[in-house]
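Asks: Sequence unavailable; structure follows:
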């Protein structure tokens, strides 16, 4: 995947917010079997800070809510960028933030919440609560066994559906866990990319019919395309 052109957008449907796609240092794990999003990071901290400042400069504060994403975890953003995010929240009247993090950083989540100083929704790329599929097939390096372990640290899991090898029963359980243990969530319908992980068209069709009700659920965002949030 190449470097994205669109880095700022507004989400006007569920959970209305502004969203910024920032650049960070490389993902500390970077071995997920389905992920080819590896170009949008770098080592030139000064250049990243400058770009991120330009992107954050577009924030208006009109919704009072800001989501910050990057090709990895928020903990891989330059420290100066994190300070800029904190500054922007104060200047623009942001009263709620959205961040994302890998499971490996779970012990740092509380500290980041305190640093930002406003209520922060922490997302995590769970992909599936089926431990074997998540670890053996997707290579997530996230070894939790129970969704309640995730809920101790994170507010909003991101699930992935429509992957070859996945089953309807796995997806049923994933959605059940999402609704039972979390107040927010995202479901990404898998799209083929440059990795060996392939999309299961029949499973996608079944999901979009069986779980059509999720489209009206205010707590769950269903992303059919990877750019549905308007960035990337």
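Replies: Looks like it arrived, so ask away. Here the structure is a predicted model, which means the values were calculated and not measured.
Asks: Need the phi and psi values for residue 108.
Replies: Per-residue torsions, residue 108: phi -100, psi -10 (degrees, to the nearest 10).
Asks: can you pull the contacts of it?
Replies: By C-beta atoms under 8 Å, 6 or more residues apart in numbering, the residues touching residue 108 are 75, 101. In short, each C-beta sits where N, CA and C put it, glycine included.
Asks: now it: how far from residue 115?
Replies: 10 Å (C-beta to C-beta, to the nearest Å).
Asks: Likewise for residue 188?
Replies: If you go by C-beta to C-beta, the gap between residue 188 and residue 115 works out to 28 Å.
Asks: higher neighbour count, those two?
Replies: The neighbour comparison of residue 188 against residue 115 (other C-beta atoms under 10 Å) goes to residue 188, with 19 against 13.
Asks: which other helices and strands contact the top strand by length along the chain?
Replies: Counting by DSSP state E, the longest strand found in the chain is strand 120-127. In terms of contacts (3 or more C-beta pairs under 8 Å, 6 or more residues apart in numbering; DSSP states H and E), strand 120-127 is packed against strand 96-100, helix 109-116, strand 156-161.
Asks: Figure out which of the ones you listed is closest to residue 30.
Replies: Closest approach to residue 30 among these (C-beta to C-beta): strand 96-100, 15.0 Å.
Asks: Give me the buried positions along that closest one.
Replies: Neighbour counts over strand 96-100 (16 or more other C-beta atoms under 10 Å) mark 96, 97, 98, 99, 100 as buried.
Asks: now those in CSV, with distance to residue 129?
Replies: Listed next are those as CSV, based on distance: C-beta to C-beta, whole Å:
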residue, distance to residue 129
96, 26
97, 25
98, 21
99, 21
100, 18
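Asks: In JSON lines, list the helices and strands packed on strand 120-127 along with mean pLDDT and distance to residue 58.
Replies: Formatted as JSON lines, the helices and strands packed on strand 120-127 follow (pLDDT from 0 to 100; distance: least, C-beta to C-beta, whole Å):
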{"stretch": "strand 96-100", "mean pLDDT": "98", "distance to residue 58": "16"}
{"stretch": "helix 109-116", "mean pLDDT": "98", "distance to residue 58": "19"}
{"stretch": "strand 156-161", "mean pLDDT": "98", "distance to residue 58": "24"}
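Asks: Having no further points to raise, I will conclude here.
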